[in-house]
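> can you look at this prediction? I've put the sequence above it.
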Amino acid sequence: MSDSILRAKEINIVFGGLKAVSDFSCELRSGELVGLIGPNGAGKTTVFNMLSGIYQPTSGSISYTDGKGAEHRIEGMESHTIAKAGIARTFQNIRLFKELSVLDNVRIAMHNRVRYTAAGAVLRTKRYYEEERRIEEKSMELLSLFKIAEKKAELSANLPYGEQRKLEIVRALAGDPQLLLLDEPAAGMNPQETNALMALISFIRERFSLTILLIEHDMNLVMGICERLVVLDYGKIIAEGLPSDIKRDPAVIKAYLGEEAVFDA
Amino acid sequence: MSIGNEILQQIVNGVALGSIYALIALGYTMVYGIVRLINFAHGDILMVGAFGAYFVLVRFGLSPVSFVAAFVFSMVLSATFGIVIERLAYKPLRNAPRINALITAIGVSLILENGFRVLPFVGPNPRQFPTIKTVNLKIFDISVSNVQLIVVIVSIVLMLALNYIVMYTRTGKAMRAVSFDRKAASLMGIPTDLIISFTFGIGSVLAAAAGILFATAYPQVEPYMGIMPGLKAFIAAVLGGIGSIPGAMIGGYILGIAETMTKGFISSQLADAIAFGILIVILLAKPTGIMGKNVREKV
Amino acid sequence: MNRKYRNAAILLAFGVVAVILPTFLIKAEIIDEYTAQILTLAGINAIIAMSLNLISGICGQLALGHAGFMAIGAYTAAVFTMKAGVPMPAAIISAGFVSAMFGFIIGFPTLKLSGDYLAIVTLGFGEIIRVVMTNLKGITGGAAGLKGVPNFTKDILAQPTVSFAIVTGTLVLVLAALTNFLNSSYGRAIISIREDPIAASSNGIPVFRYKMMAFTISAFIAGIAGGLYAFFFGYLNPTMFTFLKSVDFLIIVVLGGMGSITGTIIASYVLTYLQELLRFLKDYRLVIYPLILILIMLFRPKGLLGRAEFSFVALFDRIRKPKEVRK
């Protein structure tokens, strides 16, 4: 049994009187690939935002165990601290640094582990040159893995949509995360691209020893690679379990397709 | 005068001053609500209005008829300036980064100020604004001047008129729709450009009125006269919650009273600083202002 | 390895020439005193404009009160020299640190605010600083001004030469330091804040801390330039540091390109010279400047260089090998 690295306990969040997420609890074990699914507006991205520190839950707790085995209570922590602890994410609406190059987008994610000081940068110490070379090499490695290395000098805004999504994942990986939150990574992709993405996600999970929680609407991807599913509707968990079971779960079918579909299943 | 009376006196003064700030603040808040722009040049529209009235009154002398004519002329003049500025300088930047529009607004403000300054019939020197003779009434030991009464009454009438327009007319509904979601409003068939122009126009009309009232109370007009009242009215709008019409009114009165209280009890030097102090406090404590709502950015 | 040293050498050479050559020309009176003064003033403006660009163009936080930091630097340097007998170089550095301290204090509550509000609050603080300076009559001479600030050198004849050399030398140093800072992970981090603060934060950048860093460094540089200004002018008056002065710097930054510090330098020299050239326009000048600002915003918002930097190395390469330009 692998160790638990994330434990969300009954987290709630209220926006202007509306409870967007109620009593969400979830445990992620090291190396798992879990899918968070549900109809639009169910609160999936809101859950991500709470896990990554963009929102603060109104109640509940989130516990994260980092790579060194230290446990942190991260609810209410700022995003950059959570990122530094080892949780990285991508966004539903791509949030790349548009006017910056592909390479710079990746290098920025490596900043929080940089080994020279600002003064060192100004004085151009030996450490600066070594670090810059290390950063560039590592960034290029990652970009090559995702087959976008030749575009390193391009403005990220100029990349085709599919490559922008890949770049966001590369950027997330550059921070050396342990837990990766992917928000609709296949959005806008055609079936071939989706298949390639599925292979890529499995590959990076293996290669970088990641735990992955992903939000997706594409059922092929979800059923194809997720080991376990959590289903959200109107901010509440309505089902969890193996993909094969979830497929037949009446509550899930009702949420996605409506009452009648339950009888046809 | 007992301390209680002194306080009441300053409150009365503050209400008069606050009415003027409220009128100006309404313009800021409506424009911000509808196009998310802080119209730096708004205070200078006040100056345009004041000068408009000045020239009418100087030409035709001071009488109830000419006073009304001055109001009308200055309101039309200011509305024209406001609408033209919007079309030429702000509309092209509606989809540009906010910094660009802000910088442009600063530029427009400077052009108005210095432009009026170089006009041969204006010039940098202050002019004396024709005023009516001040008559002080004493109510319960508190002195209220006829000028103050005029200021408050005219302001309230205008604010009521504005409230009626915004809440009970179709145009007002269109204004509110555009301020919520411009694209959706346009999809619903609302002529957004026209509505935005109308908003600027109304804001400018109120600023013109404020300018005339201001000049009646502090009878000097000069090209830079709009800067301080404009800045303070902006602070009032932020205090009340920028984008909120009732907020602008509340903010205006609070600021007016705070200023007169400071002038009366602390020091008149600090009267200007108190406005900035309030701004800093409100932005630290509740940046959305008294009536403001928290609008979360969707991530 | 070789490349790195070569580029550094080229830049050093350009820097030295930029300072030494005109200095000689001024000393030899080939460049007259009047022009020398314009060049020196342009240099001071360039330093402050660069500091504004750092926080507003590169970090994306519009600040409208930099005349205030300039004022703090100027009065600090003047008072330290005149009343405490501090030697000039130490006074200038202190001016930087005092200004940075105020930058830190002001930045702490205000950098949490977003765009529009931050601009207004910095404007407010700029005004507050000016009002305070006016009221501290004992120290600053108040509204009457502070006369008799020592010049860079007691030798009146050498004044223009020495002033130019010191100011331009400082400009080159600041440019070098800023460029090195920006071409590093720290620079990239600060730029990412401009681009998308939420994405930056989610990728490990402590956004508020770095905004504070940029703002404080910016105040430091503006303070140093303020000190230079005091010794250059010899006279200080609070009316020199109004909001309109802050707008002057904003115009320089916008013209040069928000995000390009070499663009800022070019724009500073152009505009300072233009200001002198158009002096005959008198008050009409006050209408033309804001008009320039608006026209830039409407028709070429990226200004001269946009976010690109002028590359001396590229220039050198083109001079040496005009046809095949190595990458």
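Yep, that arrived. Note that the coordinates shown come from a computational prediction; the quantities given were computed from them, not determined experimentally.

> can you report how many residues lie near B:Gln269?
Neighbour count for B:Gln269, taken as other C-beta atoms under 10 Å in any protein chain shown: 12. The C-beta positions use only the backbone N, C-alpha and C, and glycine is treated the same way.

> that one against C:Asn135, yeah?
Yes - with contact defined as C-beta atoms under 8 Å, B:Gln269 counts as touching C:Asn135 (7.3 Å).

> where's the residue of the stretch 1-150 of chain C found nearest chain A, which helix or strand?
Proximity of the stretch 1-150 of chain C to chain A (C-beta to the nearest C-beta) peaks at C:Lys4, 7.3 Å away. Assigned by DSSP states H and E, C:Lys4 belongs to helix C:2-27.

> swap in B:Val84?
Here B:Val84 is assigned to helix B:64-85, by DSSP H and E.

> by contact count, what packs against the next helix or strand after that helix?
Going down the chain from helix B:64-85, the next helix or strand is helix B:98-118, by DSSP H and E. Counting contacts by 3 or more C-beta pairs under 8 Å, 6 or more residues apart in numbering or on different chains; DSSP states H and E, helix B:98-118 is packed against helix B:42-60, helix C:115-135, helix C:243-256, helix C:285-299.

> hmm, the next helix or strand after the last one touching chain A?
Yep, that's helix C:285-299 we're talking about. Using DSSP H and E, the next helix or strand after helix C:285-299 towards the C-terminus is helix C:312-320. No - if you take C-beta under 8 Å from any C-beta of the partner chain as the test, helix C:312-320 misses chain A, and the best it gets is 14.8 Å.

> helix C:2-27 and helix C:312-320, what's the angle between them?
Taking axes from the mean of the first three to the mean of the last three C-alpha atoms, to 10 degrees, one finds helix C:312-320 and helix C:2-27 inclined to each other by 80 degrees.

> what is the neighbour count of the residue of the stretch 1-150 of chain C closest to chain A?
Neighbours of C:Lys4 under the rule other C-beta under 10 Å: 10.

> quick one, phi/psi of the closest residue to it other than its chain neighbours?
Spatial nearest neighbour of C:Lys4, excluding adjacent residues (C-beta to C-beta, 6 or more residues apart in numbering or on different chains): A:Tyr129 at 7.3 Å. When read as degrees, to the nearest 10, the backbone of A:Tyr129 gives phi -60, psi -40.

> just to revisit the earlier point, how about the helices and strands packed on helix B:98-118 in TSV, adding mean neighbour count?
Shown next, in TSV, are the helices and strands packed on helix B:98-118 (neighbours: other C-beta atoms under 10 Å in any protein chain shown):
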stretch	mean neighbour count
helix B:42-60	25
helix C:115-135	21
helix C:243-256	24
helix C:285-299	18
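
> ok, residue 207 - contacts?
With no chain named, the answer covers chain A. Going by C-beta atoms under 8 Å, 6 or more residues apart in numbering or on different chains, A:Arg207 touches A:Leu145.

> chain B, not that one
Applying C-beta under 8 Å, 6+ apart, we find B:Ala207 in contact with B:Leu23, B:Ile24, B:Gly27, B:His42, B:Gly43, B:Ile45, B:Leu46, B:Gly49, B:Ser78, B:Gly82.

> and if you look at B:Val178?
Neighbours of B:Val178 in contact, by C-beta under 8 Å, 6+ apart: B:Ile34, B:Ala185, B:Ile190, B:Thr192, B:Ile195, B:Ile196, B:Thr199.

> quick one: the helices in the stretch 101-250 of chain A?
Using DSSP state H, counting those that start in this stretch, the helices of the stretch 101-250 of chain A run over residues A:102-109, A:118-123, A:126-145, A:161-174, A:191-207, A:219-225, A:243-248, A:250-257.

> report the distance from the helix holding C:Lys4 to the chain centre.
20 Å (C-alpha atoms, centre = their mean, to the nearest Å).

> any buried residues in stretch B:21-40, and which?
Neighbour-count burial for stretch B:21-40, counted by 16 or more other C-beta atoms under 10 Å in any protein chain shown, picks out B:21-40.

> for the stretch 51-200 of chain C, what lies in contact range of chain B?
C:56, C:60, C:62, C:64, C:109-110, C:113, C:115-117, C:119-121, C:124-125, C:127-128, C:131, C:135, C:198.

> the nearest residue to C:Asn7 once chain neighbours are set aside: how many residues sit nearby?
Closest residue in space to C:Asn7, ignoring its immediate chain neighbours: C:Val313 at 5.0 Å, by C-beta to C-beta, 6+ apart. C:Val313 has 14 neighbours, counted by other C-beta under 10 Å.

> how about B:Phe200?
Each residue near B:Phe200 was counted by other C-beta under 10 Å, and the total is 29.

> give me phi/psi at residue 242?
Looking at chain A here, since you left the chain open. The phi/psi pair for A:Leu242 (degrees, to the nearest 10) is phi -70, psi 150.

> switch to chain B, that's the one I care about
Per-residue torsions, B:Ile242: phi -70, psi 130 (degrees, to the nearest 10).

> tell me how many other residues crowd it.
Number of residues near B:Ile242 (other C-beta under 10 Å) recorded here: 27.
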